[in-house]
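Asker: What follows is a protein structure lacking sequence information:
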């Protein structure tokens, strides 16, 4: 008898549960300093993976601003320095079941962010959540006009104003009435 091969048991494939995309939701999107942040909740009973990020942002207010990094749940998955929107990145960050993680885009050279910002996160390559936030630009400041510096005008020295001179008043001379002067008379009989 010829020995026959014993069949090798085949593996039973493990069925990977598919996440319910409706169970991944944006809780809020907000500004924090020079960051755009978005809180995301995974209500699935299984973990999912953040697989890609699309981030559109405004660059007209601070022309030197740039996206420095992306983080999800504290894990940095993009170290960039991207000066031109939109910024995209691939990743493989685990998002555990029944948790809320914060997604974060950090900017440099922008003390305050202005404009429109849209975040689109894709999980397991099929589930997408999105959030948009806007901060209106401040009204333009009036262009300061250059005020000429005042010229120094020398302070005039005090002038000695002559005191008014007294006009002498004439005192009338006393006029005396002449007294008759006795005339000498010759006396012949004396």
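Answerer: Perfect, thanks for sending it. In this text the structure is predicted, and so the values were computed from the model without any measurement.

Asker: Give me the helices and strands touching the one helix or strand in the chain whose mean pLDDT sits lowest, please.
Answerer: Within the chain, no helix or strand scores below strand 75-82, which has a mean of 94 by mean pLDDT, DSSP states H and E. With contacts taken as 3 or more CB pairs under 8 Å, 6 or more residues apart in numbering; DSSP states H and E, strand 75-82 sits against strand 66-72, strand 87-95. From N, CA and C alone the C-beta is placed, and that goes for glycine too.

Asker: can you give me the angle it makes with strand 87-95?
Answerer: 180 degrees (axes from the mean of the first three to the mean of the last three CA atoms, to 10 degrees).

Asker: Strand 75-82 pairs with which strands?
Answerer: As defined by DSSP bridges, the strand partners of strand 75-82 come to strand 66-72 (antiparallel).

Asker: Quick check: buried residues in the strand it pairs with?
Answerer: Across strand 66-72, burial judged by 16 or more other CB atoms under 10 Å covers 66, 67, 68, 69, 70, 71, 72.

Asker: Compare the helices and strands packed on strand 75-82 and give me the one nearest residue 18.
Answerer: strand 87-95 (14.8 Å; CB to CB).

Asker: Give me the buried stretch members for the closest one, please.
Answerer: Under the neighbour-count rule (16+ other CB under 10 Å), strand 87-95 has 87, 89, 91, 93, 95 buried.

Asker: and the end-to-end length of stretch 110-117?
Answerer: For stretch 110-117, the first-to-last residue distance is 14 Å (CA to CA, to the nearest Å).

Asker: same deal with stretch 54-62?
Answerer: End to end - CA to CA - stretch 54-62 spans 21 Å.

Asker: ok, and for it, which residues are buried?
Answerer: Buried, per 16+ other CB under 10 Å, within stretch 54-62: 55, 57, 58, 59, 62.

Asker: where does this protein have low pLDDT?
Answerer: Scanning the chain for pLDDT under 70 picks out 1, 3-4, 6-10, 12-16, 139, 141-151, 153-190.

Asker: Which of the helices and strands packed on strand 75-82 sits closest to residue 112?
Answerer: Of all the helices and strands packed on strand 75-82, strand 66-72 comes closest under CB to CB, at 15.1 Å.

Asker: rewinding a little: please convert the buried residues of strand 87-95 to a markdown table, extending it with distance to residue 25.
Answerer: Formatted as a markdown table, the buried residues of strand 87-95 follow (distance: CB to CB, whole Å):
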| residue | distance to residue 25 |
| --- | --- |
| 87 | 23 |
| 89 | 21 |
| 91 | 19 |
| 93 | 17 |
| 95 | 12 |
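
Asker: Out of these, which comes closest to residue 20?
Answerer: Nearest to residue 20 among these: residue 95, at 13.4 Å, using CB to CB.

Asker: Just list whatever residues bridge to the closest one.
Answerer: For residue 95, the beta-bridge assignment (DSSP bridges) gives partners residue 48.
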